[in-house]
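**Q** Starting from these lines, generate the structure:
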Amino acid sequence: MKRYTWGVLCAVLLLTGCSKGEAEDGPMPSKDFLIIAHRGASAYVPENTLASFDLAEELAADYIELDIHQTKDGQLAVMHDAEVSGSTEANGKIGEFTLSELKELSVNFRHKDEDKKAVSGPSEEYAVPKLGEVFGQFGDNMNFMIELKNPEDYPGIEENLVNTLKQHDMIGFDKDGHPKVAIQSFSKKSLKRVQELNQEIPLLKIISFDDDEEANLSTKELDELLTYASGLGISYEALTTPFIKEMNEKGLPVYAYTVIDAETALKLKAIGVNGIHTDRPDILDK
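**A** From the prediction side, this is the model:
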């Protein structure tokens, strides 16, 4: 089926009076449009750093999205790529470094439409952070979506993560009834392992679709998702109003990634998306 154009979708919404499909009661917010700071305010500050998360908080993001890997000494390091060359001057896999070795590296600023710059690692604000350090600075004020990256490469990372959440009292809800932490991953196996360890943590399944493919799930796929997932992360290009409505009716909020312009953000909001991952937490303030 040919994908609807944005204009047709919005026209249909206006003519029919359709609004965002309200999900059944579940742990993830379904009636709010969440602004999820993708790797922090990564359009403005080097990604996945305390400085990036600080700016995301200042810009009033609803959630901070971050990525974790496990170091050689068993620490949960906040970085996106498994290879450190993606955001530092070094080479090698994160699992080959200790946390202290990672902290000596310089974190590159790699947003495409900004001047590239690097910040020296020993500056705490820009050094590769440990997950516990992030909670220590922001856990009282911010909520988090934590992505388990390449969990198959890190045996026991799920136990490590759940233990870290417990240590920092990050399992549960904030004063507005929103989960303090949700865990997301492309890995069904990893999410189900987290579920075995603790059933109170909301789990978000990230699903990718081919270019020009509309989001669609078989009955079998959806039934399995409903056994463990509290929501979905979907590339925004694949989303359609019928898909979002169906997921919401099944109790699965849909969070679109990764949105960098206000026009797209507003169109996604109009067709019922429950929130967006964005490098620009102020995307709707301009």
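**Q** in the stretch 51-200 of the chain, which ranges drop under the pLDDT threshold?
**A** Applying pLDDT under 70 to the predicted model, the residue ranges of the stretch 51-200 of the chain that meet it are 109-122.
**Q** mind redoing it with 90?
**A** Judged by pLDDT under 90, the stretch 51-200 of the chain has its weakly predicted residues at 85-90, 105-126.
**Q** So which residues of the stretch 51-200 of the chain form helices?
**A** Using DSSP state H, counting those that start in this stretch, the helices of the stretch 51-200 of the chain run over 99-103, 131-138, 157-167, 188-197.
**Q** closest one to residue 89 among the ones you listed?
**A** helix 99-103 (12.0 Å; Cβ to Cβ). Placement of C-beta: from N, CA and C, glycine included.
**Q** Where is the longest strand in this structure?
**A** Among the elements of type strand in the chain, defined by DSSP state E, the one spanning the most residues is strand 63-70.
**Q** which non-adjacent residue is nearest the residue nearest in space to the middle of the chain?
**A** Taking Cα atoms, centre = their mean as the criterion, residue 65 is the residue nearest the geometric centre of the chain, at 4.0 Å. Distances taken as Cβ to Cβ, 6 or more residues apart in numbering put residue 145 closest to residue 65, at 4.5 Å, once the chain neighbours are dropped.
**Q** Is there a neighbour count for that neighbour? I'd like the number.
**A** Summarising burial for residue 145: neighbours were counted as other Cβ atoms under 10 Å, giving 27.
**Q** Same check on residue 263?
**A** Residues within reach of residue 263, counting by other Cβ under 10 Å, total 10.
**Q** Can I take it that it is in a helix?
**A** Yes - looking at residue 263 with DSSP: H, G, I helix; E, B strand; the rest coil, it is inside a helix.
**Q** who's in contact with residue 279?
**A** By Cβ atoms under 8 Å, 6 or more residues apart in numbering, the contact set of residue 279 is 37, 38, 39, 41, 42, 43, 111, 258, 260.
**Q** Out of these, flag the one nearest to residue 99.
**A** Within the contacts of residue 279, proximity to residue 99 (Cβ to Cβ) peaks at residue 39, which comes in at 18.6 Å.
**Q** Correct me if wrong: the closest one contacts residue 47.
**A** Yes - using Cβ atoms under 8 Å, residue 39 makes contact with residue 47 at a distance of 3.8 Å.
**Q** between the two, what contacts are shared?
**A** With contacts taken as Cβ under 8 Å, 6+ apart, residue 39 and residue 47 have residue 80 as neighbours in common.
**Q** one step back: I'd guessed the residue nearest to residue 65 sits against residue 34; true?
**A** No - using Cβ under 8 Å, residue 145 is not in contact with residue 34, being 9.1 Å away.
**Q** Quickly list what's touching both of these two.
**A** Each of 63, 255 lies in contact with both residue 145 and residue 34 under the rule Cβ under 8 Å, 6+ apart.
**Q** So for the contacts of residue 279, which is the shakiest by pLDDT?
**A** When the contacts of residue 279 are compared on pLDDT, residue 111 comes out lowest, with 54.
**Q** Tell me how far residue 162 lies from residue 199.
**A** 11 Å (Cβ to Cβ, to the nearest Å).
**Q** So which of these two has more stuff around it?
**A** For residue 162 and residue 199, the more surrounded residue by other Cβ under 10 Å is residue 162, and the numbers stand at 19 against 9.
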